[in-house]
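Engineer: Provided below are the primary sequence and the corresponding predicted coordinates.
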2 protein chains.
Amino acid sequence: MSKTSHPNATPSIRLAVDAAIFSVIEGALKVLLVRIGSGPYAGKWALPGGLVRTDESLDQAAERVLSEKAGVDDIYLEQLYAFGGVDRDIRGRSVSVAYFALVNSDRRLPSTIEYYSDIAWYDTTKLPKLAFDHAKIVEVGIERLRNKLGYSNIAYGLLHKEFTLTELQTVYEIILGHELDKRNFRKKIQDIDLVKEAGKIRKSGQSRPARLYSFSERKPKMVDVL
Amino acid sequence: MSKTSHPNATPSIRLAVDAAIFSVIEGALKVLLVRIGSGPYAGKWALPGGLVRTDESLDQAAERVLSEKAGVDDIYLEQLYAFGGVDRDIRGRSVSVAYFALVNSDRRLPSTIEYYSDIAWYDTTKLPKLAFDHAKIVEVGIERLRNKLGYSNIAYGLLHKEFTLTELQTVYEIILGHELDKRNFRKKIQDIDLVKEAGKIRKSGQSRPARLYSFSERKPKMVDVL
DNA sequence: TTACTAAGTGTATTATACACACTATATAAA
DNA sequence: TTTATATAGTGTGTATAATACACTTAGTAA
């Protein structure tokens, strides 16, 4: 914050928020993309985003964008990084505060959505070419997700209220990109009481039924998971 | 990034960068503060900062502010967090991208500085009341510093080119706020080859002289230090 | 009753973290 | 020149955590 105004200073910089919304769906880590409907980027895929309004905080702007432009509410959300390269938008100078969000796989997406011509989940290993610097935002988001999985309980944002330990382990494996040992994983998870038994059983065809668990806390919390 | 303009949308939000510059001086973790010279916040202490210009990236703005308003160049610098509360500045809506910087203790500060009426290092445990949300920024900065000390080599930003292992350990102790075991600390530091011997000796009065070391790399690098 | 599928469980080995105290080398003072 | 003083420098044993690894269990379907 400065107290003097410079020639060439701020108010012509547009301030946006963009959201990298991740989910584990059909065995893959996916990110939610929208197709831009008009303007010089029409037809290109991008992260859902929007300009920050003068009467809302950054966090509020991110929540609003998630709700209006991706149809998701009440999900795990945290600030990721501010991207401010001079040439990131050919329409003029802009700065984007990127957010990082997690949703579980059974959340239904709206089939059509305000402002965009299409909306879809994309496998993060098979992304189309993205508009702006959004490929970089996705990359930073994945890095954050991988790191945080190891020292926090954010996985709760990706799973349903109740889940089996195998499902939990699979989420970890997909995001980290490598397999984990079943016994060591379960030992660790139980040691740190990340989850508690739901007291229910899920039958799943011709195999032994699995116990269901839920997260002991569904608020962000630091724990040494791996 | 969005492609449509909203009523009430961006360009009246001023975009600033503010820098939390830390150093370990005289046995304490200090942060560089400046005194605001005019306007409604005149006389208050704050972090050095300034508005982002339309022709510079966020990182460039941070570097410029550090140089112009704190007189420091070529130091460790990384983005910390974007602060965007609606009421953070009584003069009107603003968003600040905060940066985190480290300098070593023998860097001379300019005695007077552009835009501000005073400049000084303050012990982070004895801060005056700060303008805006700068107290929060300092808090987040200290947290980042403590965390990063454990898994990166950023301490190089706080030490001279050559230093003794005792000096290095002292920097860690001051920032972490607790003592470390000398033998375990040195063992760890050597195991991960964080530093290399400079091949010199520093005599220091009536005691055994100490070997001098330097960091093996002076670029940010991930290493398990503690 | 047999075959199939995924769930669930324990132990031994290795690596890492931690606790802990004395010796070495210089200067300064007696 | 001897002694005191101050900080540098070093190793080992113990406890804890991380890893590697394979069989039994409980259900469904043929």
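Structural biologist: Sure, I can see it.

Engineer: Next, residue A:121: phi, psi?
Structural biologist: When read as degrees, to the nearest 10, the backbone of residue A:121 gives phi -90, psi 130.

Engineer: Might one say that residue A:80 is in contact with residue A:139?
Structural biologist: No. Counting by CB atoms under 8 Å, residue A:139 is not a contact partner of residue A:80; they are 10.7 Å apart. Just so you know, the C-beta spots here come from the backbone N, C-alpha and C atoms, and that holds for glycine as well.

Engineer: And those two? Which one has more around it.
Structural biologist: Neighbour count, other CB atoms under 10 Å in any protein chain shown: between residue A:80 and residue A:139, residue A:80 has more, with 23 against 14.

Engineer: which residues sit against the helix or strand harbouring the more buried one?
Structural biologist: Take DSSP states H and E as the rule and residue A:80 turns out to sit in strand A:76-83. For strand A:76-83, contacts defined as CB atoms under 8 Å, 6 or more residues apart in numbering or on different chains pick out A:19-20, A:58-59, A:62-63, A:66, A:95-103, A:133, A:136-137, A:140-141, A:144, A:154, A:156-157, A:220, B:58, B:79, B:81-82, B:97.

Engineer: Mind listing the strands that strand pairs with, and their directions?
Structural biologist: Applying DSSP bridges, strand A:76-83 is found paired with strand A:94-102 (antiparallel).

Engineer: Show me where chain A has its strands.
Structural biologist: Here chain A has its strands, by DSSP state E, at A:14-25, A:28-36, A:45-46, A:49-51, A:76-83, A:94-102, A:116-123, A:195-202, A:210-215.

Engineer: orientation of the helix or strand of chain A with the lowest mean pLDDT relative to strand A:14-25 in degrees?
Structural biologist: The least trusted helix or strand in chain A, going by mean pLDDT, DSSP states H and E, turns out to be strand A:116-123, with a mean of 93. Going by axes from the mean of the first three to the mean of the last three CA atoms, to 10 degrees, strand A:116-123 is angled at 50 degrees with respect to strand A:14-25.

Engineer: Can you list the buried residues in strand A:116-123?
Structural biologist: Residues of strand A:116-123 classed as buried by neighbour count (16 or more other CB atoms under 10 Å in any protein chain shown): A:116, A:119, A:121, A:122.

Engineer: Let me know the closest of the residues you listed to residue B:48.
Structural biologist: residue A:116 (40.5 Å; CB to CB).

Engineer: how near is that closest one to DNA strand C?
Structural biologist: Per CB to the nearest atom of the strand, to the nearest Å, residue A:116 is found 37 Å from DNA strand C.

Engineer: Show me what from chain A comes close to DNA strand C.
Structural biologist: Contacts of chain A with DNA strand C, taken as CB under 7 Å from any atom of the strand, map to A:164-166, A:182-184, A:186-187, A:204, A:206-211.

Engineer: Mark which of those residues are part of helices, please.
Structural biologist: Among the residues of chain A next to DNA strand C, DSSP state H puts A:165, A:166, A:182, A:183, A:184, A:186, A:187 in helices.

Engineer: Would the lengthiest helix in chain A count as contacting DNA strand D?
Structural biologist: As assigned by DSSP H, the longest helix anywhere in chain A is helix A:134-151. No. Helix A:134-151 is not in contact with DNA strand D by CB under 7 Å from any atom of the strand; minimum separation 10.0 Å.

Engineer: what sits up against that helix?
Structural biologist: Contacts of helix A:134-151 (CB under 8 Å, 6+ apart): A:18, A:20, A:22, A:29, A:31, A:46-47, A:80-81, A:83, A:96, A:98, A:100, A:102, A:124, A:127, A:129-130, A:154-155, A:172, A:175-176, A:222-226, B:1.

Engineer: try 6 Å
Structural biologist: Helix A:134-151 is contacted from outside by A:20, A:31, A:46, A:47, A:80, A:81, A:98, A:100, A:154, A:175, A:225, A:226, using CB atoms under 6 Å, 6 or more residues apart in numbering or on different chains.

Engineer: so where is chain A shaky, pLDDT-wise?
Structural biologist: A:1-11 (pLDDT under 70).

Engineer: Buried ones among the residues of chain A next to DNA strand C?
Structural biologist: By neighbour count, with 16+ other CB under 10 Å, the residues of chain A next to DNA strand C hold A:164, A:165, A:210 as buried.

Engineer: which one of those residues sits closest to DNA strand C?
Structural biologist: Lowest distance from DNA strand C to these (CB to the nearest atom of the strand) belongs to residue A:210, with 3.6 Å.

Engineer: From DNA strand C, how far off is residue A:145?
Structural biologist: Applying CB to the nearest atom of the strand to residue A:145 and DNA strand C gives a distance of 23 Å.

Engineer: Burial check on that residue, number of neighbours?
Structural biologist: 22.

Engineer: How about the one 3 residues further on?
Structural biologist: Residues near residue A:148, counting by other CB under 10 Å, number 19.

Engineer: That one and residue A:62, how far apart?
Structural biologist: Going from residue A:148 to residue A:62 by CB to CB, to the nearest Å gives 17 Å.

Engineer: now swap in residue A:179 and tell me
Structural biologist: 34 Å.

Engineer: What residues of stretch A:82-91 count as buried?
Structural biologist: So stretch A:82-91, judged by 16+ other CB under 10 Å, has buried residues A:82, A:83, A:84, A:85, A:88, A:89.

Engineer: Ok, stretch A:102-110 next?
Structural biologist: A:102, A:103, A:104, A:107, A:109.

Engineer: Can you show me the CA trace of that stretch as CSV?
Structural biologist: Output of stretch A:102-110 as CSV, limited to C-alpha atoms (Å, rounded to 0.1, in the frame of the first residue of the first chain):
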residue,chain,number,x,y,z
LEU,A,102,-11.6,-29.3,-4.5
VAL,A,103,-14.9,-31.1,-5.1
ASN,A,104,-16.0,-34.7,-4.8
SER,A,105,-16.7,-36.7,-7.9
ASP,A,106,-20.5,-36.9,-7.6
ARG,A,107,-21.1,-33.2,-7.6
ARG,A,108,-23.2,-32.6,-10.7
LEU,A,109,-22.1,-29.9,-13.0
PRO,A,110,-24.6,-27.6,-14.7
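
Engineer: Contacts for it, please.
Structural biologist: Residues contacting stretch A:102-110 (CB under 6 Å, 6+ apart): A:22, A:23, A:25, A:71, A:72, A:75, A:76, A:119, A:157, A:158, A:159, A:160.

Engineer: And for the residue nearest to residue A:198 when sequence neighbours are not counted, the neighbour number?
Structural biologist: The shortest distance from residue A:198 to any non-neighbouring residue, by CB to CB, 6 or more residues apart in numbering or on different chains, is to residue A:212 (4.2 Å). For residue A:212, the count of nearby residues is 19 (other CB under 10 Å).

Engineer: Now that residue A:212 has come up, it's in contact with residue A:200, right?
Structural biologist: Yes. Between residue A:212 and residue A:200 there is a contact at 4.5 Å, judged by CB atoms under 6 Å.

Engineer: Among the contacts of helix A:134-151, find me the one that's closest to DNA strand D.
Structural biologist: residue A:226 (6.9 Å).
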